[in-house]
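S.K.: requesting a structural model of the entry that follows:
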Amino acid sequence: MSPDIRELDDDTRDRIAAGEVVERPASVVKELLENALDADASRVTVGVESGGKERIVVADDGVGMSEAEVRKAVREHTTSKLRDISDLDSIGTLGFRGEALHAIGSVARVSIRTKPRGGSQGTELVVSGGEVRECGPVGCPEGTTVEVTDLFGNVPARRKYLKTDATEFDHVQSVVSGYALANPGVSMTLEHDGRESFSTAGDGDRRSAVMAVYGREVAASMVPIAADHDDGGPLAGVDGLISHPETNRAGREYMTTLVNGRYVTASTVREAVVDAYGMQLAPDRYPFAVVDIDVPPGGVDVNVHPRKLEVLFADSEGVRRQVREAVEAALLDEGLLRSSAPRGRS
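M.R.: Below you'll find the model as predicted:
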């Protein structure tokens, strides 16, 4: 006899959906950081304790929200960034699904303190277990501060699989670094257990952001990329910074890829960058890179991954070719490329 098919209750559905968005503390930081940037923030501070397992705070000086707006923001599928399905073809914001705050509030305790620009009063709203527990007036500066505690407190099986504080913080640092490099015009600070890890100036200079995140030596080794394409390929342009071949690391995590300014893990772009170095890099070494590709509407789908990390290109081979050619040209201009032989071959 087959088992009965039944509809899941709201609480179970919320926890399952939250699991797709909130995988670990870094997932929470990513969603809140995107909200802050979409809110026109010029300054964002991210603070975590115990790798984010105990406490996460993201504070911004963005547009803020009224009480009515913040009450609406924590509901499922509510957003100010998308009107209908037609907008998915030309998304200009980092967030767009309207599920982050609701998902986080389903698996943690979330406190939101917010005040709209020019507003006379702030609001504090507390969500726990997917329900609004408190909401009322509070004194606070303009902008929004979100505090997340007791992450996965109601999902002990998920909390059990979190790694050490150091490992979880590495993931948090990777996310914040990526957005800091993607948004050099925003001052971004990361703190762990009360100690500052880095702070960018927000002066609009990407090399300055690289120096804040990776240090002076790496920043000094960076070579600019600036390529406008009119050859019929899928990209309108490639922009960014790549390191001197001798400034490299053993992992890909120092390669930041951006699509229309959106921080993603675009393997097609990463592979193209590495291929461009040819024999100048050993097979197990990778450069520092911040590469932003300009993709016209219709050339990329950003709605293919639950956490918006991966993208799907309409012409991935064309993207690969144009990125490789742009990086090769930048290295040749600096006299750093001696051969076009495939990587690791002479």
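S.K.: list the contacts of the helix or strand in which residue 71 is found.
M.R.: Using DSSP states H and E, residue 71 sits in helix 67-73. For helix 67-73, the surrounding residues in contact (Cβ atoms under 8 Å, 6 or more residues apart in numbering) are 65, 78, 101, 112, 114, 116, 123, 125, 132, 135, 137. Where C-beta positions appear, they are placed from N, C-alpha and C, glycine not excepted.
S.K.: from these, which shows the smallest pLDDT?
M.R.: Lowest pLDDT within the contacts of helix 67-73 is found at residue 78 (48).
S.K.: give me the buried positions along whichever strand or helix holds residue 181.
M.R.: Per DSSP H and E, residue 181 falls inside helix 165-182. By 16 or more other Cβ atoms under 10 Å, the buried positions in helix 165-182 come out as 165, 168-169, 171-182.
S.K.: again, but for stretch 208-215
M.R.: Residues of stretch 208-215 classed as buried: 209-214 (neighbour count, 16+ other Cβ under 10 Å).
S.K.: can you check stretch 292-300 too?
M.R.: For stretch 292-300, by 16+ other Cβ under 10 Å, it's 292-295, 299-300.
S.K.: repeat that for stretch 107-127.
M.R.: Those would be 107-116, 122-127, for stretch 107-127 by 16+ other Cβ under 10 Å.
S.K.: please apply the same query to stretch 131-148.
M.R.: 135, 140, 142-148.
S.K.: who touches the helix holding residue 181?
M.R.: By Cβ under 8 Å, 6+ apart, helix 165-182 touches 24-26, 29-30, 33-34, 37, 46, 48, 50-53, 162, 186, 188, 190, 192, 197-198, 200, 206, 209-210, 212-213, 253, 256, 258, 261-263, 290, 292.
S.K.: so how do I select the buried members of these in ChimeraX?
M.R.: Restricted to buried positions by 16+ other Cβ under 10 Å, the ChimeraX selection for the contacts of helix 165-182 reads:
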select :24,25,26,29,30,33,34,37,46,48,50,51,52,53,162,186,188,190,192,197,198,200,206,209,210,212,213,256,258,262,263,290,292
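S.K.: three-state assignment of the closest residue to residue 328 other than its chain neighbours?
M.R.: Excluding the flanking residues, the one nearest residue 328 by Cβ to Cβ, 6 or more residues apart in numbering is residue 276, at 4.6 Å. The three-state assignment at residue 276 reads helix, by DSSP: H, G, I helix; E, B strand; the rest coil.
S.K.: burial count for residue 276?
M.R.: By the measure other Cβ atoms under 10 Å, the count of residues near residue 276 is 26.
S.K.: where's it relative to residue 314, distance?
M.R.: 22 Å (Cβ to Cβ, to the nearest Å).
S.K.: among the buried residues of stretch 131-148, which two are most distant?
M.R.: For these, the maximum inter-member distance is 21.2 Å, found between 142 and 148 (Cβ to Cβ).
S.K.: now the strands: where do they sit in the stretch 51-200 of the chain?
M.R.: 55-60, 109-115, 122-128, 131-138, 143-149, 187-192, 195-199 (DSSP state E, counting those that start in this stretch).
S.K.: returning to that earlier point: let's have the contacts of helix 67-73 in TSV, adding distance to residue 230.
M.R.: Formatted as TSV, these follow (distance: Cβ to Cβ, whole Å):
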residue	distance to residue 230
65	43
78	41
101	42
112	46
114	45
116	43
123	50
125	50
132	53
135	53
137	56
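S.K.: and these, which two are furthest apart?
M.R.: 78 and 137, at 21.9 Å, using Cβ to Cβ across those.
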